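Novice: Pasting the sequence and the predicted coordinates here, then a few questions.
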Amino acid sequence: DGGITQSPKYLFRKEGQNVTLSCEQNLNHDAMYWYRQDPGQGLRLIYYSQIVNDFQKGDIAEGYSVSREKKESFPLTVTSAQKNPTAFYLCASSILSGGYTFGSGTRLTVV
Amino acid sequence: AQSVTQPDIHITVSEGASLELRCNYSYGATPYLFWYVQSPGQGLQLLLKYFSGDTLVQGIKGFEAEFKRSQSSFNLRKPSVHWSDAAEYFCAVGAQAGANNLFFGTGTRLTVIP
């Protein structure tokens, strides 16, 4: 079955450490997205990519980085510059004229 | 500018009662409209979408929504709520083409009382 796979489901980060969240899709979707979700704040866009080797900052890109070397993959790195990284992270993908399909999320906690 | 308003942060209903979740949008052109549902610790699942045609759209899990252009609304309804419907519901509005084309509301949390 086609879908989006996010891994790991739970991730723990120490202070000053970079961590990478994985997002893979086999839907042949062109666009991919990363959102951050905090309680009571809905979804906030971090980065998105329309095509391979191209991506754009969203509303809260500071402290995050992404790459899009393959159409299927859009990993998100949470760098040490992100001062409050504890959150639920959602990856999504879409064709360029449709709704989004979401992964099941990664919960990141700073320890 | 595009925006979506879900005026109810939290709604509580009794099992078996009817449900209506409100969604108002601001968009300059003909919008695409979506409702998503999120169970705790999970991703968002698409309930239904409106692109064109019949303004009453049917979705999964017995949900329906009606597009009212004159009111800029796309309210979600269910005639009889089940305990398993307890979740967070998000309305989204988007352009008819292009990436990064969806704008999400802040969500409505539904609690179902037995």
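Specialist: Arrived safely, thanks for sending.

Novice: Quick one: the strands in the chain, in order.
Specialist: Defaulting to chain A. Counting by DSSP state E, residue ranges of the strands within chain A are A:4-7, A:10-13, A:19-25, A:31-37, A:43-51, A:54-57, A:64-66, A:76-78, A:87-94, A:101-102, A:106-110.

Novice: that's the wrong chain, I meant chain B
Specialist: Under DSSP E, chain B gives strands at B:3-5, B:10-14, B:19-21, B:24-26, B:32-38, B:44-50, B:56-58, B:64-68, B:73-78, B:87-94, B:102-104, B:108-113.

Novice: Compare the mean pLDDT across those strands and name the weakest.
Specialist: Comparing mean pLDDT across the strands of chain B, the weakest is strand B:102-104, with a mean of 88.

Novice: Would you mind listing what in chain B touches chain A?
Specialist: Remark: the part of chain B in contact with chain A comprises B:9, B:32, B:34, B:36, B:41-46, B:49, B:90, B:92, B:94, B:96-102, B:104-107, using CB under 8 Å from any CB of the partner chain. All C-beta spots, glycine's among them, are computed from the backbone N, C-alpha and C.

Novice: Please list only the buried members of those.
Specialist: Buried by 16 or more other CB atoms under 10 Å in any protein chain shown: B:32, B:34, B:36, B:42-46, B:49, B:90, B:92, B:94, B:99-102, B:104-107, out of the residues of chain B next to chain A.

Novice: how about the nearest residue to the spatially most central residue of chain B, chain neighbours excluded?
Specialist: Centroid-nearest residue in chain B, with CA atoms, centre = their mean: B:Trp35, separated by 3.4 Å. If the residues on either side of it in the chain are set aside, B:Trp35 comes closest to B:Leu47, at 4.4 Å by CB to CB, 6 or more residues apart in numbering or on different chains.

Novice: which ones are touching that neighbour?
Specialist: Going by CB atoms under 8 Å, 6 or more residues apart in numbering or on different chains, B:Leu47 touches B:Phe34, B:Trp35, B:Tyr36, B:Val37, B:Gly59, B:Ile60, B:Lys61, B:Phe63, B:Ala65, B:Leu76, B:Tyr89.

Novice: partner residues bridging the residue nearest to the centre of chain B?
Specialist: B:Leu48, B:Cys91 (DSSP bridges).

Novice: Over to A:Ala31?
Specialist: Residues in a beta bridge with A:Ala31, per DSSP bridges, are A:Ser94.

Novice: State the distance from it to B:Ala1.
Specialist: 21 Å (CB to CB, to the nearest Å).

Novice: So if I had to pick from the two, which one is more boxed in?
Specialist: For A:Ala31 versus B:Ala1, neighbours defined as other CB atoms under 10 Å in any protein chain shown are more numerous around A:Ala31 (22 against 6).

Novice: Is the more buried one in contact with A:Tyr47, as I believe?
Specialist: No: with contact defined as CB atoms under 8 Å, A:Ala31 does not count as touching A:Tyr47 (11.3 Å).

Novice: Pass me the low-pLDDT residue ranges in chain A, would you?
Specialist: Across chain A, the ranges flagged by pLDDT under 70 are A:1, A:97.

Novice: What distance do you get for A:Lys14 to A:Thr106?
Specialist: Taking CB to CB, one finds A:Lys14 at 17 Å from A:Thr106.

Novice: how many neighbours does B:Val8 have?
Specialist: For residue B:8 the amino acid is Asp, not Val. A count of nearby residues for B:Asp8, using other CB under 10 Å, gives 14.
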